[in-house]
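Chemist: how does the following fold in three dimensions:
(chains A, B, C and D)
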4 protein chains.
Amino acid sequence: MELWFTEEHTDNVRFTMKVDKHIFSEQSPFQRIDFLDTYEFGRVFALDGIIMLTQRDEFIYHDMIVHVPMAANPNIKKVLVIGGGDGGSVRELTRYSTVESIEMVEIDRRVVECCRDFLPQTSSKLDDPRVKLFYEDGIKFISTKHKEYDLIIVDSTDPIGPGEGLFTEAFYKNCFEALKDDGILVNQHESPYYENTASLMKRTHKRIKQFFPIAKVYQIHIPTYASGHWLFGFASKKYDPVKDLDDKAWNSLGLETKYYNTELHKASFALPNYVIKMLEEA
Amino acid sequence: MELWFTEEHTDNVRFTMKVDKHIFSEQSPFQRIDFLDTYEFGRVFALDGIIMLTQRDEFIYHDMIVHVPMAANPNIKKVLVIGGGDGGSVRELTRYSTVESIEMVEIDRRVVECCRDFLPQTSSKLDDPRVKLFYEDGIKFISTKHKEYDLIIVDSTDPIGPGEGLFTEAFYKNCFEALKDDGILVNQHESPYYENTASLMKRTHKRIKQFFPIAKVYQIHIPTYASGHWLFGFASKKYDPVKDLDDKAWNSLGLETKYYNTELHKASFALPNYVIKMLEEA
Amino acid sequence: MELWFTEEHTDNVRFTMKVDKHIFSEQSPFQRIDFLDTYEFGRVFALDGIIMLTQRDEFIYHDMIVHVPMAANPNIKKVLVIGGGDGGSVRELTRYSTVESIEMVEIDRRVVECCRDFLPQTSSKLDDPRVKLFYEDGIKFISTKHKEYDLIIVDSTDPIGPGEGLFTEAFYKNCFEALKDDGILVNQHESPYYENTASLMKRTHKRIKQFFPIAKVYQIHIPTYASGHWLFGFASKKYDPVKDLDDKAWNSLGLETKYYNTELHKASFALPNYVIKMLEEA
Amino acid sequence: MELWFTEEHTDNVRFTMKVDKHIFSEQSPFQRIDFLDTYEFGRVFALDGIIMLTQRDEFIYHDMIVHVPMAANPNIKKVLVIGGGDGGSVRELTRYSTVESIEMVEIDRRVVECCRDFLPQTSSKLDDPRVKLFYEDGIKFISTKHKEYDLIIVDSTDPIGPGEGLFTEAFYKNCFEALKDDGILVNQHESPYYENTASLMKRTHKRIKQFFPIAKVYQIHIPTYASGHWLFGFASKKYDPVKDLDDKAWNSLGLETKYYNTELHKASFALPNYVIKMLEEA
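Modeler: Purely as a prediction, here's the structure:
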């Protein structure tokens, strides 16, 4: 049977994959949640029609959103994940025995419940005793915190729908307040390639660098995201993600990863000229 | 009007772009040649239905296939381009006043003629006095050469159709013979992501490293190629592309580039673990 | 979410509909069975990727495959349906109080079971006491029958896969044998428009007219079948479908129908010249 | 190369055909004009992205819009075609030696010019000496005419864009005025199947039957129009299209037609119950 799922990358570009089974769909109070089994990418999880992750390549996203900050500061103990309802970021964080507390604030309880049902690959560590789940608005949650976290990971959707508030100045200011004096903020930073996401990327960088003395951007290959060229932001009060990287310390942990390594860690902060220019102009 | 061009990345994945005008099509003795004007990517040039380049992002491919070897050895004077009928690699090479001779061997004369007509953006420097065009089979052409070139760029299609012979052991051996004692071979090295190209990538690496003491692979983001995650090979008799890079020398040339820079040059040789593993197993 | 089901009408023509939910899929011993909920056509039932019926317009097919023969001979009492596992033909037949026995021979038990679960609209009358279900090969079933039926309805898939034997000379000969002296055979007769089905249509007509003194073809509009222009065959030992139609008798039954009426009954046997020519040349 | 043209039949249904060459596109002052060569349907002519005709099956449309009224009254001498810039209706009309004058009023001169260039199959008879072309607004043109024509054919696009005024009450009233006492009006009457066109179809019938004592609708199979089930309107001051049909007279003309015949003529006025109901409720 010819059943195809299409994500419209722009009005003029479509990315289409053949579907074996449509597993589940639900309109939650916040967004449409879909799970599909595809021939090429295995199980696919989408929100409002946009691919959040695929079974095939979610390791790329989760490796790079978690191990980069964790290697930049081996003393991270208290972590806050905003969004990330699929559990993939939490799963990677639980691999560090040094992490003592992981709070995850996901606005949409149904995302977590559905990922527990349909994505054990990412949600499997949500019951780790160090993990505490809050089904709340991350923007409100963080507004009352003061120097509490070593690391905040903003593992959000695009700034359309429920994710919108996670891209505002006020939110980044509150993240800064909520971080300890050597705290790190990592966030989903959109793609520089297509115009629609490039403008979001620039705006986001402009907002973050107002508050953080160190505000860098690093790049990854995610073939199932629009253009395959994706960025994360690394903002920090103290640690430089490249200069302060202690390769040996991280490598001595013996964590097996399919994408991340400490050479790639440093390399991912080297950006193409056109992206550098966009960030400078932001 | 809803007119869409689709490239099938695999049997189960399609990449589709909206077409404004279908400019030209021809079945040459070697392949089908198509030019389309698309809304997102401007003019698109395809061979046998596979995108070779788009007006929008060809700078990525040509920056990285040319400037990486040119920066690794600033004394390159004599260059051979095999394939590359669109002229983009030649265009970048002509920017170096130190380059004395560029021979381009393209099997399909119609590709060159059509790109002259429909892609002035890439073909504009084919008439540079240092450029000599040969409409011949690159495999035969190279088989008689001995220690002639400082650099060989294999700017080929996938190893299906006319490009097939450019991926054989015999061909790489002949490239080795044709290069001077400090010569460099750079080649289109496929993508590690989808299975069909990943197996070609491994086979190619295996073949090249038999002959060259230094055989590395570097990665780039090309959103209009399957998966967006593409590789080039850097094989060399003497120069290491990272250790021997003289940043200052290249930067003193004052060449403006939209993608390439010397930080990215070094970074592009840092690969994800799963790609490293594939190359080791090759 | 952009989820689309595509039926390939030919290698060069695709018919695509937006899917709300993919309800069910199964590979039975005979064929792939799929149920989808679509925005335009409601529930869609497909076998081997080909649409069998849609909730929206199945009334057209079932009206025309049942009421045409039933109006041509008001004395039909014993009916055999070959195929028709969705139950739509049986549903229409049960509306005639004069019908005493309906035998349905469906080779694929899973089709019937699934349609009971997912298509109550068509399967609702399969438990009528006059209906007897046989999960057998229709070709074998009929080979032992002699002058038993007033009407045989061949409600089959295309002659690819399990339906293939229902388009052979031997089968039509056995249908002739199994019919009473005034018996009628009605069958799914493919479309005259696209070449692939047109050749089947001609071959089918050629085979049927060898055995039956009256062998006609009538046309209907089924927008969800390839080309929308579909044919049924009406073969008979005695009754002419137009000359022998007793309008008044049928209209006095007071059956409400959304497509069929006795004017359209007669009209549907008037065919375009190009179809007439194809049938004459068959 | 995978190049596909898609017509969106509704927001949820797409009809897609593989394109060999994109021949021509132009934005005229009235509409976008496109010509494509497709593998299945040969040359395709579209206005504002909607298929007007295909080389493969235009004979169906033109047979049925012309020969039905011409057979209903063999004494037609003076004809007005409104729209019809491709020339197909004129081509069929010129086959009648009894026709003395054919005026064609097409608002978009570029449609005629382009069809002369790219569709000789339909435009070939536009230079017949009996034909007079007016590049004017058909609505204005007809408003000054009084009892001049035996037949008016409204061969228009859908009532969106330049065709809109050809579906108004005022226009039909003017057609009535412009026709002689036994005049006939035939018009493109949309499809009853999809909701968007069905409502237009009902509104159109309601408007026409206010003015004409005889207002009927007849149906045809046009596989390349949305749903394949299309209608024409036959409105008349005197002649009934079925009762007054003189089969023998028309058949004695010896015109060869691929779709039309006098049996089909009569049959095409027999409509499915759901269409009859829509027309009654209009």
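
Chemist: got a pLDDT number for the residue in chain A that chain C sits nearest to?
Modeler: When Cβ to the nearest Cβ is the measure, chain A has its nearest residue to chain C at A:His22, with 3.1 Å between them. Where C-beta positions appear, they are placed from N, C-alpha and C, glycine not excepted. Predicted confidence (pLDDT) for A:His22: 93.

Chemist: right, and it touches C:Phe24 too?
Modeler: No: in this structure, A:His22 sits apart from C:Phe24 without contact. The criterion is Cβ atoms under 8 Å, and the distance is 10.0 Å.

Chemist: the two - which one has more neighbours?
Modeler: Neighbour comparison, A:His22 and C:Phe24: the larger count goes to A:His22, with 23 against 15 (by other Cβ atoms under 10 Å in any protein chain shown).

Chemist: quick check: bridge partners of that one?
Modeler: With beta bridges defined as DSSP bridges, A:His22 has these partners: A:Leu36.

Chemist: can you count the residues close to whichever residue of chain A sits closest to chain B?
Modeler: When distances are taken as Cβ to the nearest Cβ, chain A approaches chain B most closely through A:Gly228, which lies 2.2 Å from it. As a burial measure, the neighbour count of A:Gly228 was computed by other Cβ under 10 Å and equals 25.

Chemist: residue contacts, the residue of chain A closest to chain C?
Modeler: The contact partners of A:His22, taken as Cβ atoms under 8 Å, 6 or more residues apart in numbering or on different chains, are A:Leu3, A:Asp34, A:Phe35, A:Leu36, A:Asp37, C:Leu3, C:Val19, C:Lys21, C:His22.

Chemist: just those now: which is nearest A:Asp11?
Modeler: In terms of Cβ to Cβ, no member of these lies closer to A:Asp11 than C:Leu3, at 18.8 Å.

Chemist: among the contacts of A:His22, which one lies nearest to B:Glu7?
Modeler: Of all the contacts of A:His22, B:Glu7 sits closest to A:Leu3, with 20.2 Å by Cβ to Cβ.

Chemist: the closest one in helix, strand or coil?
Modeler: Under DSSP: H, G, I helix; E, B strand; the rest coil, A:Leu3 falls in the strand class.

Chemist: hey, what's it bridged with?
Modeler: C:Phe5.

Chemist: so it makes contact with C:Lys18?
Modeler: No: the criterion here is Cβ under 8 Å, and A:Leu3 misses it with C:Lys18 at 11.2 Å.

Chemist: quick one: which of those two has more around it?
Modeler: In terms of neighbours (other Cβ under 10 Å), A:Leu3 is the more surrounded of A:Leu3 and C:Lys18; the figures are 23 against 19.

Chemist: for that one, give me its contacts.
Modeler: Taking Cβ under 8 Å, 6+ apart, we find A:Leu3 in contact with A:Lys18, A:Val19, A:Asp20, A:His22, C:Leu3, C:Trp4, C:Phe5, C:Thr6, C:Val19, C:His22, C:Leu36.

Chemist: can you give me phi and psi for the residue nearest to A:Asp155 when sequence neighbours are not counted?
Modeler: In this structure, A:Asp155 finds its nearest non-sequential neighbour in A:Gly84, 3.4 Å apart by Cβ to Cβ, 6 or more residues apart in numbering or on different chains. The phi/psi pair for A:Gly84 (degrees, to the nearest 10) reads phi 70, psi 30.

Chemist: how about the one 3 residues further on?
Modeler: Backbone geometry at A:Gly87, expressed as degrees, to the nearest 10, gives phi 90, psi 0.

Chemist: grab the nearest non-local neighbour of it.
Modeler: Distances taken as Cβ to Cβ, 6+ apart put A:Ser123 closest to A:Gly87, at 3.7 Å, once the chain neighbours are dropped.

Chemist: give me the number of residues near the one you found?
Modeler: A:Ser123 sits with 22 neighbouring residues when counted by other Cβ under 10 Å.

Chemist: same question for A:Glu164.
Modeler: Neighbour count of A:Glu164, defined by other Cβ under 10 Å: 14.

Chemist: how about the secondary structure of it?
Modeler: helix.

Chemist: from A:Ala235, how far out is it?
Modeler: Distance check for A:Glu164 against A:Ala235: by Cβ to Cβ, to the nearest Å, it reads 19 Å.

Chemist: what does A:Met17 give?
Modeler: From A:Met17 over to A:Ala235 the distance is 34 Å, taken as Cβ to Cβ.

Chemist: what residue is smack in the middle of chain A?
Modeler: Note on chain A: the residue nearest the mean C-alpha position is A:Asp155, at 3.3 Å, using Cα atoms, centre = their mean.

Chemist: which ones are touching that one?
Modeler: With contacts taken as Cβ under 8 Å, 6+ apart, A:Asp155 has the following neighbours: A:Ile65, A:Val81, A:Ile82, A:Gly83, A:Gly84, A:Gly88, A:Ser89, A:Gln188.

Chemist: run the last query once more with 10 Å
Modeler: Contacts here follow Cβ atoms under 10 Å, 6 or more residues apart in numbering or on different chains; on that basis A:Asp155 touches A:52, A:61-62, A:65-66, A:81-90, A:104, A:106, A:166, A:186-188, A:232.

Chemist: and A:Pro74, by the same measure?
Modeler: Going by Cβ under 10 Å, 6+ apart, A:Pro74 touches A:Tyr96, A:Thr98, A:Leu245, A:Asp246, A:Ala249, A:Trp250, A:Ser252, A:Leu253.

Chemist: can you tell me the SS state at it?
Modeler: Using three-state DSSP, the structure places A:Pro74 in coil.

Chemist: report how many residues lie close to the closest residue to A:Lys145 other than its chain neighbours.
Modeler: In space, not counting the residues next to it along the chain, A:Lys145 is nearest to A:Ala178; the distance is 3.7 Å by Cβ to Cβ, 6+ apart. Counted with other Cβ under 10 Å, the neighbours of A:Ala178 add up to 20.

Chemist: quick one: name the residues of the stretch 51-200 of chain A near chain B.
Modeler: When proximity is defined by Cβ under 10 Å from any Cβ of the partner chain, the stretch 51-200 of chain A lies next to chain B at A:Arg56, A:Asp57, A:Phe59, A:Ile60, A:Asp63, A:Met64, A:Ser191, A:Pro192, A:Tyr193, A:Tyr194, A:Glu195.

Chemist: next, format those as JSON lines and append distance to D:Pro29 and neighbour count.
Modeler: JSON lines is the format used below for these (distance: Cβ to Cβ, whole Å; neighbours: other Cβ atoms under 10 Å in any protein chain shown):
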{"residue": "A:Arg56", "distance to D:Pro29": "51", "neighbour count": "16"}
{"residue": "A:Asp57", "distance to D:Pro29": "50", "neighbour count": "21"}
{"residue": "A:Phe59", "distance to D:Pro29": "56", "neighbour count": "21"}
{"residue": "A:Ile60", "distance to D:Pro29": "51", "neighbour count": "25"}
{"residue": "A:Asp63", "distance to D:Pro29": "57", "neighbour count": "23"}
{"residue": "A:Met64", "distance to D:Pro29": "53", "neighbour count": "26"}
{"residue": "A:Ser191", "distance to D:Pro29": "40", "neighbour count": "25"}
{"residue": "A:Pro192", "distance to D:Pro29": "40", "neighbour count": "25"}
{"residue": "A:Tyr193", "distance to D:Pro29": "37", "neighbour count": "27"}
{"residue": "A:Tyr194", "distance to D:Pro29": "33", "neighbour count": "18"}
{"residue": "A:Glu195", "distance to D:Pro29": "31", "neighbour count": "10"}
